[in-house]
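Engineer: Generate coordinates for the sequence data below:
(2 chains)
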Number of protein chains: 2
Amino acid sequence: MTHPLSVAVAGLGTVGGGVLKLLRDNADVVAAHAGRPIAVTAVSARDRTRDRGVSLSGLRWYEDPVALASDPAVDVVVELIGGADGPARELVQAALAAGKPVVTANKAMLAVHGAALAHEAEERHVPLAFEAAVAGGIPAIKALREGLAANRVLRIAGILNGTCNYILTQMRERGREFAEVLADAQKLGYAEADPSFDIDGVDAAHKLAILAALAFGRPVAFDAVHVEGIRNVSALDIAFAGELGYRIKLLGIARRSDSGIEARVHPCMVRASAPIARVDGVFNAVVAEGDFVGRVMLEGRGAGAGPTASAVVADLIDIARDRLTPVWGVGSAELSNAPSVPMSEHIGAYYLRLMVVDRPGVIADVTAVLRDLGISLESMLQRGRAPGEAVPVVLVTHETQEAAMREALSRIAALSAVLEAPTLIRIEPE
Amino acid sequence: MTHPLSVAVAGLGTVGGGVLKLLRDNADVVAAHAGRPIAVTAVSARDRTRDRGVSLSGLRWYEDPVALASDPAVDVVVELIGGADGPARELVQAALAAGKPVVTANKAMLAVHGAALAHEAEERHVPLAFEAAVAGGIPAIKALREGLAANRVLRIAGILNGTCNYILTQMRERGREFAEVLADAQKLGYAEADPSFDIDGVDAAHKLAILAALAFGRPVAFDAVHVEGIRNVSALDIAFAGELGYRIKLLGIARRSDSGIEARVHPCMVRASAPIARVDGVFNAVVAEGDFVGRVMLEGRGAGAGPTASAVVADLIDIARDRLTPVWGVGSAELSNAPSVPMSEHIGAYYLRLMVVDRPGVIADVTAVLRDLGISLESMLQRGRAPGEAVPVVLVTHETQEAAMREALSRIAALSAVLEAPTLIRIEPE
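Structural biologist: This next block holds a predicted model:
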């Protein structure tokens, strides 16, 4: 067991550079935990000349990442190219076909093609590991798949996108609007030039689809995830949330009910006292509720070279030690066929914020719509008075069905006194 | 791989009953994750007739727990008897000697005899698993030993005793004194009739010794842990802590420095905004800081039948899947020989609260002691005025060495204007 584990790394961006650096700087720690040295011997990247702060001398260089899979001196392939399709997927398929374990940080690929890739890995008895795909350095995959494996998981919820959490935190702390904070975040490198993948919730949905597959032992079902981003969250709603004792977070939530599995990513109001409400800035968190363990929360850095490299190398150590776990925690024959519950059947409380003309009868019209649809109110907030002008009105409902709430929203939006598209934010119970 | 894993359980108290219940209620989930059924086939406990809410019919019953180890139909022994020595240790030694994997929740035994037991387990290539020994249902052992295995751990800190955390939380929330809250906690079953094991910090120190061995890859060194409990924390100090922006928590902390490993359990002041400061009530938390991953925090229920059973069965699933990890994360040949740093060499800031006679010159005398020992003050608080009467004075120091602070404390206590033994609480940086 003392011959080194020979690793090929495809993709030498931030994370790939971090993996090389970690394996160099912590070679002793890694070898002690892995029971043998782990050495990168081959790499592939777009730009051979870029300075990554780590020497590439002595490593075999491949122009074509897919060729790494057929290098006979490579034991394990680390895929850090990204993207659901293209060379990333080709490389992973080629490596699995060659019987080589794969470590990947590619959440898009796993969310979209995870079922097929897991099948391939299982057929060939080859590990497919992806701790780095969700919540960066937080060992969330291991915790769910192994640490909480004795539990029937009832619910998982996570802050899965650091960019969104940073933006929402800044909006709250500084009372600023989304667009301003986004622009600043882009300058600071916390948001991409094209931020839509993050701020529209797609990245969080990829990660939630993976977590839900693990938590509920069912095939990954990205298409069934309901996705909304944070573009429409306003400073006004964040202020109202504070007044009501809530914070607004972009959460990914998956829940088991009698009708199946509900999975959704959207801005949520959570009680300010809830542990997840206090995870701020670029930090990520994953909460899992099991029938025996109760609630467990894991919190840490969800991105960046160091945390992600930590997760990638943890997977390599598992592989070096021959610690094998089925891709989704259970073998494919044991996967559940619990159906996905459509968002229209979601039951929960809602925060609704309207801008209305301040004149008699408006609230009566709005509440009549709710009454007609059987939606009952828990509270109402109206701030300021400005006869004949626009004023915000906040309504908080008791639990009701999403379908009824959607219908109410469209009827309310059609009222002449309602001046803008109403804002609807779901309230997530603790 | 479809023949069941046959388990013997020694000790059928709260946790043992929980394990039986979990393996019955979640048999499907467990079998799917383990790749085969996990079935208890033999048990041993003091009282055969007690109602545990789970049927024992069909299970082989042993009066002598140690006999479980030699039952040829037993694959794995689960030790839930407790106590560092006696039958628990005999059973574990017998099981390892018989080549049978052991799962235990026994932190006292691991803290005191862990080095020898680990050696025995390694010699015989037999797993010795103990997720349930620290922080109950939180997969802290797995996170440290596998999830963060690529990191050089710099520091770990934990709320490791739910009884103490419950008492300190109640004291803060209700402004009550220790003795009153303890009495209530005993009535509610949150504290034992003889509470000293918990409130004097011994239980937390056992767990810290285990975590430190894992975090720093060194032999478990319980005797080197500095231990103080919470008996001397007063409502007044909790109120002052709040005023200064801190909360008082009983933490177990282990830190790597140039001189070695420092490990200590004592009441700490932590910034009220720190994530660990907000872990309240019976909840536990473990924070680990790695050189690549940064800070990761895990939070959940640290005790109780369900959470502890969740951890025990997670270990059984690892064993059923043949996922093997050295007891301390690295083989014994790789264990570090970093020395333990004595508490007298600890460097940190201190909160010092005195009850002094309110008369001119007292503060001058106190601060002269500090000056003479080279201890510099960050702030001072004096509340209320009562000429000639006792008033509290709070001093917060800059970083200084424990030995100097101890000397200052004894000189200050000897001043005639100082009426009670001063209270000293260490301030823990984030």
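Engineer: any idea how chain A splits into domains?
Structural biologist: For chain A, the structural domains run A:5-133, A:140-301, A:344-427, going by automatic domain parsing.
Engineer: I'd like the mean pLDDT over the last one, please.
Structural biologist: Average pLDDT, domain A:344-427: 94.
Engineer: Please apply the same query to the longest one.
Structural biologist: The average of the pLDDT scores along domain A:140-301 is 96.
Engineer: ok so, going back, would you mind telling me which of the domains of chain A is nearest B:G229?
Structural biologist: Across the domains of chain A, B:G229 has its closest neighbour in domain A:140-301 (26.1 Å, CB to CB). All C-beta spots, glycine's among them, are computed from the backbone N, C-alpha and C.
Engineer: Does that closest one reach chain B?
Structural biologist: Yes - on the criterion CB under 8 Å from any CB of the partner chain, domain A:140-301 is in touch with chain B at A:142-143, A:146-152, A:217, A:275, A:278-279, A:290-301.
Engineer: Spell out which residues of the stretch 1-150 of chain A are next to chain B.
Structural biologist: Near chain B, when you scan the stretch 1-150 of chain A using CB under 8 Å from any CB, you find A:18, A:22, A:25-26, A:29-30, A:32-35, A:131, A:137-139, A:142-143, A:146-150.
Engineer: Can you go through those residues and name the buried ones?
Structural biologist: Listed as buried from the residues of the stretch 1-150 of chain A next to chain B are A:18, A:22, A:26, A:29-30, A:32-35, A:131, A:137-139, A:142-143, A:146-150; burial here means 16 or more other CB atoms under 10 Å in any protein chain shown.
Engineer: about what we covered before: which members of the residues of the stretch 1-150 of chain A next to chain B occur in helices, if any?
Structural biologist: Counting by DSSP state H, those place A:G18, A:L22, A:D25, A:V29, A:V30, A:A32, A:H33, A:A34, A:K142 in helices.
Engineer: What sits closest to the fourth one if chain neighbours are left out?
Structural biologist: In other words, A:V29. Leaving aside its sequence neighbours, A:V29 sits nearest to B:R152 (CB to CB, 6 or more residues apart in numbering or on different chains; 5.4 Å).
Engineer: Can you report how many residues lie near the one you found?
Structural biologist: By other CB atoms under 10 Å in any protein chain shown, 19 other residues sit near B:R152.
Engineer: who's in contact with it?
Structural biologist: Contact analysis of B:R152 by CB atoms under 8 Å, 6 or more residues apart in numbering or on different chains lists A:N26, A:V29, B:R256, B:G290, B:D291.
Engineer: gap between stretch A:288-304 and the chain center?
Structural biologist: 13 Å (CA atoms, centre = their mean, to the nearest Å).
Engineer: that older thread, among the ones in helices among the residues of the stretch 1-150 of chain A next to chain B, list the two that are farthest apart in space.
Structural biologist: Within these, A:D25 and A:K142 form the most distant pair, 22.4 Å apart (CB to CB).
Engineer: Can you give me every residue that contacts A:R36?
Structural biologist: A:R36 touches A:M1, A:T2, A:H3, A:P4, A:L5, A:A320, counting by CB under 8 Å, 6+ apart.
Engineer: is it true that the fourth one touches A:P37?
Structural biologist: The reference is to A:P4. Yes - using CB atoms under 8 Å, A:P4 makes contact with A:P37 at a distance of 4.0 Å.
Engineer: okay, these two: which has more neighbours?
Structural biologist: The neighbour comparison of A:P4 against A:P37 (other CB under 10 Å) goes to A:P37, with 17 against 14.
Engineer: correct me, but the more buried one touches A:V7?
Structural biologist: No - if you go by CB under 8 Å, A:P37 and A:V7 don't touch, sitting 10.3 Å apart.
Engineer: and the closest residue in space to A:D200 that isn't next to it in sequence, backbone torsions?
Structural biologist: Closest residue to A:D200 apart from its sequence neighbours, by CB to CB, 6+ apart: A:G229 at 3.6 Å. Main-chain dihedrals, A:G229, degrees, to the nearest 10: phi -100, psi -160.
Engineer: dump the residue contacts of A:G229.
Structural biologist: A:G229 touches A:C164, A:S196, A:I199, A:D200, A:G201, A:V202, A:L250, counting by CB under 8 Å, 6+ apart.
Engineer: Pull the number of nearby residues for A:R411.
Structural biologist: The tally of other residues near A:R411 (other CB under 10 Å) stands at 17.
Engineer: and it, which of the three is it?
Structural biologist: Per DSSP: H, G, I helix; E, B strand; the rest coil, the local secondary structure of A:R411 is helix.
Engineer: A:L370 is in contact with that one, correct?
Structural biologist: No - A:R411 lies out of contact with A:L370 (CB under 8 Å); the separation is 9.2 Å.
Engineer: Partner strands of the strand or helix carrying A:R155, with direction?
Structural biologist: For A:R155, the host element (DSSP states H and E) is strand A:153-159. When sheet partners are counted by DSSP bridges, strand A:153-159 sits next to strand A:246-257 (antiparallel), strand A:283-290 (antiparallel).
Engineer: now these as TSV including mean neighbour count?
Structural biologist: Compiled in TSV, the strands paired with strand A:153-159 are given as follows (neighbours: other CB atoms under 10 Å in any protein chain shown):
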stretch	mean neighbour count
strand A:246-257	24
strand A:283-290	26
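Engineer: got those as JSON lines, with distance to A:A333 columns?
Structural biologist: As requested, the strands paired with strand A:153-159 are arranged in JSON lines below (distance: least, CB to CB, whole Å):
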{"stretch": "strand A:246-257", "distance to A:A333": "20"}
{"stretch": "strand A:283-290", "distance to A:A333": "23"}
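Engineer: A:L208: which of those strands is closest?
Structural biologist: Nearest of the strands paired with strand A:153-159 (CB to CB): strand A:246-257, 3.3 Å.
Engineer: roughly how far is the closest one from the heart of the chain?
Structural biologist: Worked out by CA atoms, centre = their mean, strand A:246-257 lies 11 Å from the chain centre.
Engineer: So for stretch A:109-129, what gets flagged as buried?
Structural biologist: Going by 16+ other CB under 10 Å, stretch A:109-129 has these buried residues: A:109-115, A:117-118, A:120-122, A:126-129.
Engineer: from those residues, which single one is nearest A:L316?
Structural biologist: Taking CB to CB as the measure, A:L316 sits nearest to A:A129 out of the buried residues of stretch A:109-129, at 8.1 Å.
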